[in-house]
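**Student:** This is the structure alone, sequence omitted:
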């Protein structure tokens with residue numbers, strides 16, 4: 001079905017894009033034709049492209065080509081020539097001869113299946129008799145990218161600062177933002193340093209003179225020589241390198257959104273990027289991680305920002321091929337590796353794919369009635385049936401735990417397990433070690449096991465001196481659960497353990513785990529980490545210092561009541577604003593993301609009074625913490 005311009009701004013109403021001449025006069029910049037390369041198979045997007053051309057793959061409900069044509073029409077273009085190949089008839093049927101006010105022409109790239117895009121561009125050579133915008137159809141972009149190009153007096157290409165997630169052709173710019181060199185993917189051999197370079201966006205404005213004098217003759221020669229497997233950027237590289245074109249502008253369009261879509265990973269990233277900010281926030285609530293891919297600052301999840309050190313990561317990188325292609329060790333050997341770090345008897349350890357895996361197994365198989373003080377880590381509450389979960393509410397403002405009250409509560413309810421998280425999450429408050437040992441003794445007399453989650457203990461003021469691990473031999477009903485992922489800054493590796501002297505309990509837990517529940521990279525980390533004990537302890541000291549500094553800065557903000565932390569995050573209560581009501585935490589977190597690109601954790605789902613007025617804010621680097629506090633000050 002052919003779409004029309006009824007749903008978009010007519011070309012005649014497009015903005016009058018103008019440029020200044022040397023005399024100060026203003027003349028219209030006339031670019032009326034686009035050439036769009038859309039012939040490729042898009043194999044890396046299979047199965048989406050099995051029965052659909054790549055340019056019609058949808059991003060948030062709109063095909064790439066449709067979106068591009070609408071942007072071109074909005075910028076005053078009048079015609080578009082589309083070079084088609086794979087499933088070209090589908091493109092003809094969908095787009096038709098007119099779309100969004102544009103006159104549409106088609107060029108059949110008959111050899112698209114055996115040639116590269118240099119041949120597709122050459123196939124469209126009959127349309128090079130006037131200025132053109134050259135686009136590749138797998139790029140999604142905002143119309144501002146086009147506007148930035150057509151305002152240039154000469155030929156120009158859209159670029160953005162290089163970063164590691166980008167691949168393909170890069171350029172270097174001179175003092176006047178002119179292109180001084182092109183580096184195709186094949187040119188980026190070992191030793192090539194992309195620092196300071198710019199990635200091409202694959203959208204170019206090519207003036208008629210450049211097309212006539214440079215591009216067409218070079219294309220003709222390359223095609224005649226049989227160089228049909230080249231990229232058309234080869235011609236750009238060559239005419240810049242030999243000095244034939246010295247004024248090709250590289251226009252930085254990084255202030256606008258764009259993304260090149262080659263595979264499913266790119267498609268997912270583009271879908272997120274081209275959501276509005278509110279929709280992005282909603283999407284993030286369901287991701288549960290991998291936030292680094294999305295370009296915001298994460299003060300929601302909890303990290304050790306200073307570990308592992310670069311030297312350790314370089315060691316792991318050197319063995320990456322062997323790590324990925326070989327089987328990791330099993331449970332018993334993983335326990336031996338953990339014991340090398342903790343000093344524990346390996347037979348006392350159960351090693352898991354993160355502490356969350358152990359919590360799930362405990363809830364499904366080993367917990368009868370569970371007593372826990374709330375608010376606390378939600379995973380413990382979610383893995384057990386409601387009729388077996390017994391919550392002891394903690395009192396504001398500091399939510400400190402009266403351990404004797406929890407012991408009496410657990411005994412009164414007939415619980416076989418009590419859980420204490422120390423430092424607690426989300427309160428960041430600790431329980432003294434001696435109190436925990438005394439509670440274990442009291443609960444032992446009532447056949448109640450005490451599980452102490454010490455996932456943040458090294459960040460606490462007492463550090464490991466506050467841990468109960470060294471005293472497990474004297475308390476067979478006491479177990480320690482630990483997330484190494486959190487404390488060591490390796491959330492992506494997912495390593496956790498439970499330690500207990502109750503061998504029957506340990507063996508039963510191990511029996512619930514698969515033989516290979518840790519991956520090879522986690523194993524390699526455990527084999528290496530002992531060399532970096534000093535660096536780890538220093539990282540904990542730094543984390544503790546930056547967390548206290550963040551707390552002190554948060555204290556200075558009106559409308560916020562932070563609780564002094566004993567971990568790397570701060571629980572804060574929003575206080576009444578001018579309306580007499582405290583802001584809603586979820587709405588406040590949304591505004592912070594939308595306006596400042598910063599994510600924090602709202603506590604709306606926590607088991608606590610006034611949960612919808614509390615925020616949990618993770619400490620990051622000092623610079624990021626200062627940026628966060630400045631953003632909070634603006635919102636408050």
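**Tutor:** Ah, there it is. It should be emphasised that the depicted structure is a prediction, and the values quoted were computed from it without experimental measurement.

**Student:** switch to C-alpha atoms for all contacts and neighbour counts from now on
**Tutor:** Noted.

**Student:** Let me see the domain layout of the protein.
**Tutor:** For the chain, automatic domain parsing gives the domain ranges 5-269, 297-303+535-635, 310-531.

**Student:** now do the same end-to-end measure for the second one.
**Tutor:** From the first residue to the last, domain 297-303+535-635 extends over 17 Å; the measure is Cα to Cα, to the nearest Å.

**Student:** wait, is residue 158 part of a strand?
**Tutor:** Yes: per DSSP: H, G, I helix; E, B strand; the rest coil, residue 158 lies within a strand segment.

**Student:** ok, back up a step: so for residue 277, which of the domains of the chain sits nearest?
**Tutor:** domain 297-303+535-635 (5.3 Å; Cα to Cα).

**Student:** one step back: could you save the domains of the chain as CSV and add columns showing distance to residue 280?
**Tutor:** What follows is the domains of the chain, written out as CSV (distance: least, Cα to Cα, whole Å):
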stretch, distance to residue 280
domain 5-269, 11
domain 297-303+535-635, 9
domain 310-531, 22
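
**Student:** mind checking which of the ones you listed is nearest residue 286?
**Tutor:** Comparing these by Cα to Cα, domain 297-303+535-635 comes nearest, at 13.1 Å.

**Student:** Averaged pLDDT, that closest one. What do you get?
**Tutor:** Mean per-residue pLDDT for domain 297-303+535-635: 96.

**Student:** do the same with stretch 103-113
**Tutor:** On average, stretch 103-113 scores 93.

**Student:** Any buried residues in that stretch, and which?
**Tutor:** Using 16 or more other Cα atoms under 10 Å as the test for burial, stretch 103-113 gives 103, 104, 105, 106, 107, 108, 109, 110, 112.

**Student:** Reformat the residues you listed into JSON lines and put secondary structure and distance to residue 286 next to each item.
**Tutor:** Output for the buried residues of stretch 103-113, formatted as JSON lines (DSSP: H, G, I helix; E, B strand; the rest coil; distance: Cα to Cα, whole Å):
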{"residue": "103", "secondary structure": "strand", "distance to residue 286": "42"}
{"residue": "104", "secondary structure": "strand", "distance to residue 286": "41"}
{"residue": "105", "secondary structure": "strand", "distance to residue 286": "43"}
{"residue": "106", "secondary structure": "strand", "distance to residue 286": "42"}
{"residue": "107", "secondary structure": "strand", "distance to residue 286": "43"}
{"residue": "108", "secondary structure": "strand", "distance to residue 286": "43"}
{"residue": "109", "secondary structure": "coil", "distance to residue 286": "42"}
{"residue": "110", "secondary structure": "coil", "distance to residue 286": "44"}
{"residue": "112", "secondary structure": "coil", "distance to residue 286": "40"}
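
**Student:** With respect to residue 450, which of the residues you listed is nearest?
**Tutor:** Using Cα to Cα, the buried residues of stretch 103-113 come closest to residue 450 at residue 112, 67.5 Å.

**Student:** which strands and helices sit next to the lengthiest strand in the chain?
**Tutor:** Longest strand of the chain, by residue count under DSSP state E: strand 198-206. Counting contacts by 3 or more Cα pairs under 8 Å, 6 or more residues apart in numbering; DSSP states H and E, strand 198-206 is packed against strand 132-136, helix 143-150, strand 156-161, strand 170-173, strand 258-260.

**Student:** Name the member of the buried residues of stretch 103-113 with the shortest distance to residue 346.
**Tutor:** residue 112 (60.7 Å).

**Student:** May I see the buried residues of whichever strand or helix holds residue 315?
**Tutor:** Per DSSP states H and E: residue 315 is located in helix 310-318. Within helix 310-318, the residues that qualify as buried are residue 316, counting by 16+ other Cα under 10 Å.

**Student:** In terms of secondary structure, what does that helix contact?
**Tutor:** Partner elements for helix 310-318 (3+ Cα pairs under 8 Å, 6+ apart): helix 520-528.

**Student:** Contacts for the next helix or strand after the helix it packs on, please.
**Tutor:** Going down the chain from helix 520-528, the next helix or strand is helix 533-555, by DSSP H and E. Identification of contacts with helix 533-555 by Cα atoms under 8 Å, 6 or more residues apart in numbering yields 304-309, 458-461, 488, 560-570, 619-622, 625-626, 629.

**Student:** Out of those, which sit inside helices?
**Tutor:** 622, 625, 626, 629 (DSSP state H).

**Student:** now these: which count as buried?
**Tutor:** 625, 626, 629.

**Student:** Quick check: mean pLDDT of the helix holding residue 315?
**Tutor:** In this model, helix 310-318 has a mean pLDDT of 94.

**Student:** From the rest of the structure, what touches it?
**Tutor:** Against helix 310-318 from outside (Cα under 8 Å, 6+ apart): 521, 524, 525, 528, 529, 532.
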